[in-house]
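Enquirer: sequence isn't available, so here's the structure alone:
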């Protein structure tokens, strides 16, 4: 018990230090960008992502042949020399941390904050290196769509199987932002999962789910309770009453998870959305994936698929990309298929 308390107290200290670091960055960030500025900047935090970045850059150039190349700001969070991105790599503007004082969730958030200081364009894309946008001409099409529809945010949400994290709003894996509508200083990605009150409450809820035989009854208590990176942005803008937003659809078949006509479906139908582990918002998920659309079946590899307007939009590899040797060859094959199909069309 003493060890648990000590761990919680240390995590609380880490949280306060991370928030202090963010507030120091926030004071230097501007308000809204002049809408006449235009342009797009990509911000990514790299950790064991050298191969992903190489392939992502190649894919971006092939799918956007007529677009001006966005500035790609890169926070190099690697600790292994072989994974470091060269400071003179012409594809990226590379920033490295001056010290390592935070755990990874905080380092990721503060890394994005450091990059935000350098953004000078109207549109911003927060993109994980292992998220691959596969829609042709997305560099021009997405900002144009956002501008035409008055969207402050657009992107991919968290996969629905991670029901304890927030949903119905774009996540930092792929989040476009119109900085003419959303002040850059509002983009605080610092998580809340290790703040003392949040951590204690979440651990208590999770303990209930582990009670033998009846723990599943309490699973709904975890819905949207894991306050991961970016939850503050969702809390502020997720109602859509300040600025509008839109999500690409995660590929996830609700009917496959809870078949119609069964007891699970009945329970789902009467469970409030705030408690339901399965999303209840109409149209949030798509049961139709890449394979049914004639595209490479990346879901078969365990990766997350996202579609938009009935076509493949992006896929996300996930945590496996931090395990070198586990994903590189399948990824090369998938992107080879994609680029080959693009060249043939």
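Expert: Good, I have the coordinates. Predicted model, so just to flag it, every value in this text is computed and none were measured. Residues are numbered from 1 along each chain as shown.

Enquirer: distance check, residue 9 against residue 233.
Expert: 28 Å (CB to CB, to the nearest Å). All C-beta atoms are positioned from the backbone trio N, CA, C, and that covers glycine.

Enquirer: which one of the two has more residues nearby?
Expert: residue 233 (23 against 11; other CB atoms under 10 Å).

Enquirer: wait, what's in contact with the more buried one?
Expert: Residues near residue 233 by CB atoms under 8 Å, 6 or more residues apart in numbering: 153, 169, 186-189.

Enquirer: with distance to residue 206, pLDDT and neighbour count added, can I get these in JSON lines?
Expert: What follows is those, written out as JSON lines (distance: CB to CB, whole Å; pLDDT from 0 to 100; neighbours: other CB atoms under 10 Å):
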{"residue": "153", "distance to residue 206": "29", "pLDDT": "98", "neighbour count": "23"}
{"residue": "169", "distance to residue 206": "23", "pLDDT": "97", "neighbour count": "22"}
{"residue": "186", "distance to residue 206": "30", "pLDDT": "96", "neighbour count": "18"}
{"residue": "187", "distance to residue 206": "29", "pLDDT": "97", "neighbour count": "24"}
{"residue": "188", "distance to residue 206": "25", "pLDDT": "96", "neighbour count": "21"}
{"residue": "189", "distance to residue 206": "23", "pLDDT": "95", "neighbour count": "24"}
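
Enquirer: can I get those residues in JSON lines with distance to residue 331 and secondary structure?
Expert: Compiled in JSON lines, the contacts of residue 233 are given as follows (distance: CB to CB, whole Å; DSSP: H, G, I helix; E, B strand; the rest coil):
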{"residue": "153", "distance to residue 331": "28", "secondary structure": "strand"}
{"residue": "169", "distance to residue 331": "27", "secondary structure": "coil"}
{"residue": "186", "distance to residue 331": "34", "secondary structure": "helix"}
{"residue": "187", "distance to residue 331": "29", "secondary structure": "coil"}
{"residue": "188", "distance to residue 331": "31", "secondary structure": "coil"}
{"residue": "189", "distance to residue 331": "26", "secondary structure": "coil"}
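
Enquirer: quick one: which of these is nearest to residue 306?
Expert: Lowest distance from residue 306 to those (CB to CB) belongs to residue 169, with 13.8 Å.

Enquirer: for that closest one, phi and psi?
Expert: Here is the backbone geometry of residue 169 (degrees, to the nearest 10): phi -160, psi 150.

Enquirer: do residue 304 as well
Expert: Torsion angles, degrees, to the nearest 10, at residue 304: phi -90, psi 130.

Enquirer: same question for residue 311.
Expert: According to degrees, to the nearest 10, residue 311 has phi -130, psi 160.

Enquirer: ok, it - contacts?
Expert: Per CB under 8 Å, 6+ apart, neighbours of residue 311: 135, 293.

Enquirer: please tell me how far it sits from residue 157.
Expert: Applying CB to CB to residue 311 and residue 157 gives a distance of 17 Å.

Enquirer: any weak-confidence spans in the stretch 51-200 of the chain?
Expert: Within the stretch 51-200 of the chain, the segments meeting pLDDT under 70 span 100, 102-104.
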